[in-house]
Every structure is written in structure tokens, then in C-alpha cells.
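Visitor: Quick one: sequence plus predicted model below, questions after.
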Amino acid sequence: MKNRRVCFTGIGQVAILESDFTAPTPLFRDDLVLRTEYTLISPGTELAVLLGKTDNKNYPQCLGYSAVATVLQVGAEATGFQPGDRVLVYHSSHSQFLLKNKADCVKIPAGLASEEAIFAVVGAMGFQGVRKIRPELGEAMLVMGLGLLGQLAVQTAALSGAFPLLAMDYNPLRRELACKLGADIAYSPGQPEVIGAIKDATRGRGVNGLVEVTGSSDAIHLALKVMAPQGRIALVGCSRTPTQEIDFYHDVHRPGIQLLGAHNFVRPKHDSYPGCWTMVEDMRTLLELTGAGRINTRDLITDIVLPECAPEIYQRFMNRDPGILGVLFDWRSEG
């Protein structure tokens, strides 16, 4: 059967490519054949690849992180799944059909809308930064960067008892949304005396925990200036350029600051432990919290479009459209 995919065909170039999709016969023992309902754009990594900012500049590249799909076929040892199941898919591509290992799939609870469930993949990436901070009730916390990962980090930090919960982004629409979703105060990094404002909001101490989601070297410098003694910083954002001239003695060593690498690939593959859960367990937790109304993903959606709209949508991201955030490709009418 024919499979349509959203692919990057060169720097700044997006196209819909078509190819044959044939599942292995017999199907690999723990694999699933899936038909996609929705995929979600993850702007950070996808734009880095689209703009040629990664080491891999070979095109075409067909990326994606998050999908909701229906199971079509089940391998002999893919226990726990059956045809017709709705699943959340980790490291999917923007593709009409998928072949995935069962380890990358989590069944979606009945009653939870697919367009709300799909955020549990990128949400788990922000969530693991909060887990690494291990906030205690009443500790001050700051989330820097209010894209999808940051907005979900704000919500999970609020559920973890962070107070006051502060947020930061240049985009006023995203700051407003963060306050709706649980932040107590939201700042722009460019506002006058922002360091003093954060110190005032935390009774002069600074923040105990900070989740950095921008990957910006300037953000790292600012983060170190607003920390309380013995504070913890989770580095969730992918810093693709070196951060220069950190004063490690005054900003890290002397105040006892912990810098915690929080790349998603350092998770345990099988057994969760305090502060570091498996990807599947975090995805399942976020699905359950969303289904229970404790996590709001509906307000993260700004656009649901057909795959044919991909060139226009990615151009909006490249143009830094301030009104774009959560964009879903709707594959249900394909084929």
C-alpha cells in the first residue's frame, strides 16, 4: 500500500513524499503495524534539522516525535496489544503508516481524545526535567522557555508542589498561557531588572529548582544568576552551541548549584527509580493525568491541519509566528 510522509528535502524545504509500505511477512515478533490518526510537530528538534543546525545534513529526512495511531497488525509476541487498539507512539514520524516496536507504544485510556493524548510524548520530555529537580512542597521553581515542553513542565511542576512557580519566555502569548496553566508569575528575559524581580518573588533567595527548556547559552547565564544556594538546574533544552564564559567558582561551585543533564536518552530503559522514570512510565502517567483533568493539553493546540499544509506550517515556525504552538497533522482522511 502507498504511504505518505512529511519530509524535509533540503534546508528550509518541506514536501509530501509517497512510497510503498509493506509490513514484513511474518511480522517481527514484538512489532506493531499502525495507521496514524494524528502526529504532533516538535518544533525544537524538527526546526534544527530543517534549518541545517545539526550534524546530520543529509536529506531527505522524515522526522517526528509524537503520534496517535490505530493498531492494524500485531506481532506474535506483542502481548498487551490487539488490532483496533488506540496507541500513543514515541519517536514516530509524520507518516500515514508506521511499523513500531511495542516498547515505543502505550495504550490510550478510553474516553481520552486522541488530540489531547498526543501531547504525552513531548510532555514526558519536559516532565523528566521536573523529576530530576525533585521539587519539594513550597520550593520556588522557574521554567525557562514556554514552548510545548515548557508548558507541560509548568503543569507538572505545579502538581509537584512548586511555590512560587515562575515561568519565562519572550512571547507574551506563551507567558499568558503559562499563568493560565499554573504559573504564579511569568517574566520576559528582556524586561528591566528581571533578576531582581525573581529575587523579590522568592523572598530574596532565588529559585530552588529550574527547568531550562530553551537550549540558549544566554538562558544558562541568566539561570545561574537567579538560583538559591544548593539550587538544581535541569538542562532539558538541547544546547547546540557552546556556552561561553561561565564563572564556575562564583555561580556554581561556591553556591553549590547542581547542573543536571536531562536529555531524554539518558532515561532507564526498563526500571524507573526516584527522579528518573522510563519514557513509557512517564507517558502513561501523563495520559492518566490528562484523562483525569489534572493536565490541560487542549489549550496547547493552535492548529490542526492536513499533511498537505506542512510547507506553510513549517514556514510559520521558521518565521517565528508568535501565535503558533501545538500543531497536529490530521491523517484520518488519508488513503
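Guide: Alright, I've got the coordinates. Residues are numbered from 1 along each chain as shown.
Visitor: any idea how far Ala234 is from Ala162?
Guide: 13 Å (C-beta to C-beta, to the nearest Å). Quick note: C-beta positions are derived from backbone N, CA and C, even for glycine.
Visitor: cool, Gly204 as well?
Guide: Taking C-beta to C-beta, one finds Gly204 at 23 Å from Ala234.
Visitor: neighbour count winner among the two?
Guide: Ala234 (25 against 9; other C-beta atoms under 10 Å).
Visitor: Was I right to think the more buried one contacts Leu260?
Guide: Yes - with contact defined as C-beta atoms under 8 Å, Ala234 reaches Leu260; the gap is 4.8 Å.
Visitor: overlap in contacts of those two?
Guide: Lys132, Ile133 (C-beta atoms under 8 Å, 6 or more residues apart in numbering).
Visitor: tell me the contacts of Gly52?
Guide: Per C-beta under 8 Å, 6+ apart, neighbours of Gly52: Ile11.
Visitor: what's it sitting at in phi/psi?
Guide: phi 70, psi 30 (degrees, to the nearest 10).
Visitor: go on, Asp20?
Guide: phi -80, psi 140.
Visitor: looking at the sheet around it, what are its partners?
Guide: When assigned by DSSP bridges, Asp20 has beta-bridge partners Lys2.
Visitor: what's the distance between it and Lys2?
Guide: Distance from Asp20 to Lys2, counting by C-beta to C-beta: 7 Å.
Visitor: neighbour count winner among the two?
Guide: Neighbours were counted for Asp20 and for Lys2 using other C-beta under 10 Å; Lys2 has more, 11 against 7.
Visitor: pLDDT wise, what is the more buried one at?
Guide: On the pLDDT scale, Lys2 is placed at 91.
Visitor: Isn't Pro164 up against Arg203?
Guide: No - Pro164 is beyond contact range of Arg203, at 9.5 Å (criterion: C-beta under 8 Å).
Visitor: Just want to know which of those two has more residues nearby.
Guide: Pro164 (17 against 10).
Visitor: phi, psi of the closest residue in space to that one that isn't next to it in sequence?
Guide: Using C-beta to C-beta, 6 or more residues apart in numbering and skipping residues adjacent in sequence, the residue nearest Pro164 is Asp184, 4.3 Å away. Dihedral angles phi and psi of Asp184 (degrees, to the nearest 10) take the values phi -80, psi -40.
Visitor: I figured Asp184 hits Phe163, correct?
Guide: Yes - using C-beta under 8 Å as the test, Asp184 is close enough to Phe163 to be in contact (7.2 Å).
Visitor: Run through the helices of the stretch 101-250 of the chain in chain order.
Guide: Using DSSP state H, counting those that start in this stretch, the helices of the stretch 101-250 of the chain run over 114-117, 120-133, 148-159, 172-180, 194-201, 217-225, 248.
Visitor: Near Lys269, how many other residues are there?
Guide: For Lys269, using other C-beta under 10 Å, the count is 8.
Visitor: Need the three-state assignment for it.
Guide: coil (DSSP: H, G, I helix; E, B strand; the rest coil).
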